[in-house]
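J.: Provided below for reference: sequence and predicted model.
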Amino acid sequence: MNIHLIKTEHDYNQALKRLEVIFDAKKGTPEGDELELLGILIDQYENENFPIDLPDPIEAIKFRMEQMGYTQKDLANIVGFKSRASEILNRKRKLTLEMIRQLHTTLNIPTDVLIQTY
């Protein structure tokens, strides 16, 4: 096991190649330990170099509604009125703090996503 920090794209590619070789290693073996360490290092490198931005709040609401089979009427039950739901989905009305709380509780959308500017 010759593990070192992943600092460059070359190091990253080498780590990915090694990961493929030992991917099926059994836990508790030297190769299993190497696999676990490589996974941690690769994850850290990817988080630093390929960050994923949070989704747009309205797109997150639409996506979650689709996942749950919700209609605009269901959203209206959460935010108060059918017209308000329409205005939110069409970006004509901003989310209030109370709406954010309700959407977080009902649709389980993280508040970090809902409070973003859009």
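T.: Received it, and whenever you're ready, just let me know what you need. Owing to the predicted nature of the structure, the values given are computational and were not obtained by experimental measurement. Numbers count the residues shown, from 1 in each chain.

J.: CA atoms for contacts and neighbours, from now on please.
T.: Will do.

J.: what comes up buried for the lengthiest helix in the chain?
T.: If you go by DSSP state H, the chain has its longest helix at helix 30-49. For helix 30-49, a neighbour-count test (16 or more other Cα atoms under 10 Å) marks 31-32, 34-36, 38-39, 41-42, 45 as buried.

J.: nearest to residue 93, of those?
T.: Nearest to residue 93, judged by Cα to Cα, of the buried residues of helix 30-49 is residue 45 at 38.8 Å.

J.: quick one, domains of the chain?
T.: If you go by automatic domain parsing, the domain ranges for the chain are 9-49, 57-114.

J.: relative to residue 80, how far out is residue 72?
T.: Here residue 72 is placed at a distance of 11 Å from residue 80 (Cα to Cα, to the nearest Å).

J.: of the two, who's got more company?
T.: Counted by other Cα atoms under 10 Å, residue 72 and residue 80 do not tie: residue 72 has more neighbours, with 17 against 13.

J.: where does the residue sitting nearest the centre point of the chain land on pLDDT?
T.: Taking Cα atoms, centre = their mean as the criterion, residue 54 is the residue nearest the geometric centre of the chain, at 6.8 Å. Looking at residue 54, its pLDDT is 89.
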